[in-house]
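Novice: Predicted structure and sequence below. I'll ask about it afterward.
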Amino acid sequence: MHIYGTRNRPTSFEATSFLRSNERMASLLPTAMRMADLQRDVGLALPSVGGNCDVLSFQDGVLVLAVPSSAVAARLKQSLPKLQGTLQARGWQVTSMRLKVQVTRAMPERVEMRNLELPPTAVDAFEELGESLPDTPQNAALVAAIKRLAAKRRAG
């Protein structure tokens, strides 16, 4: 069983099988499915913004959505009446909505840094530049940085 609205389908299957495997956890499955359905309906109601928000909670008619930035929150605030009406038409008893900015959601998982590869002619040009700049106190830090860059690129 796939929990619709989740971003990673294999993780969704693992989560549902885990919830089913334990009696105590199995009681959470209907709630998880309900939240996933609500997430899907939010995405369908606002396709341009819905992908940028997650359903945090839905209790006593109050829907709380997580957004990655204040800019997205500002855009979404303009669409809240439309979203509320659409969700009510789909059977959700939404009486009010709140937005919570959660910046960590917007951050990608772990991005590996890539090294800039310079061709040998560019490294030669940096070495020449480091040698040709006048030896003044104002240029000292720049010359040192250029020489370090060239040496690092030569080494590896």
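Specialist: Great, that's in hand.

Novice: Report the residue spans of this protein with pLDDT below the cut-off.
Specialist: Residues of the chain that meet the criterion pLDDT under 70 lie in 1-13, 15-16, 18-19, 50, 104-116, 156.

Novice: mind listing the helices for it?
Specialist: With DSSP state H applied, the chain shows helices at 9-21, 23-26, 29-45, 47-50, 70-89, 103-106, 120-132, 140-155, listed in chain order.

Novice: Can you give the domain ranges for this structure?
Specialist: Per automatic domain parsing, the structural domains of the chain span 9-106, 120-155.

Novice: isn't residue 99 right up against residue 73?
Specialist: Yes. Applying C-beta atoms under 8 Å, one finds residue 99 in contact with residue 73, separated by 4.8 Å. Using the backbone N, CA and C atoms, a C-beta is placed for each residue, glycine as well.

Novice: For residue 150, the count of nearby residues, please.
Specialist: By the criterion of other C-beta atoms under 10 Å, residue 150 has 21 neighbours.

Novice: My error: substitute residue 23 in the last question.
Specialist: A total of 7 residues lie near residue 23 under the criterion other C-beta under 10 Å.

Novice: shared neighbours of residue 99 and residue 73, anything?
Specialist: Contact criterion C-beta atoms under 8 Å, 6 or more residues apart in numbering; residues bridging residue 99 and residue 73 by contacting each: residue 67.

Novice: sorry, back to before: closest to residue 61 out of the helices of the chain?
Specialist: helix 70-89 (10.2 Å; C-beta to C-beta).

Novice: hmm, back to that, highest mean neighbour count out of the domains of the chain?
Specialist: Scoring those by mean neighbour count under mean count of other C-beta atoms under 10 Å gives domain 9-106 as the most buried, with a mean of 15.

Novice: so how far is that domain from its chain's centroid?
Specialist: Taking C-alpha atoms, centre = their mean, to the nearest Å, one finds the center of domain 9-106 at 16 Å from the center of the full chain.

Novice: who touches the nearest residue to residue 139 once chain neighbours are set aside in this structure?
Specialist: Spatial nearest neighbour of residue 139, excluding adjacent residues (C-beta to C-beta, 6 or more residues apart in numbering): residue 133 at 5.1 Å. Taking C-beta under 8 Å, 6+ apart as the contact definition, residue 133 lies against 139, 142-143, 146.
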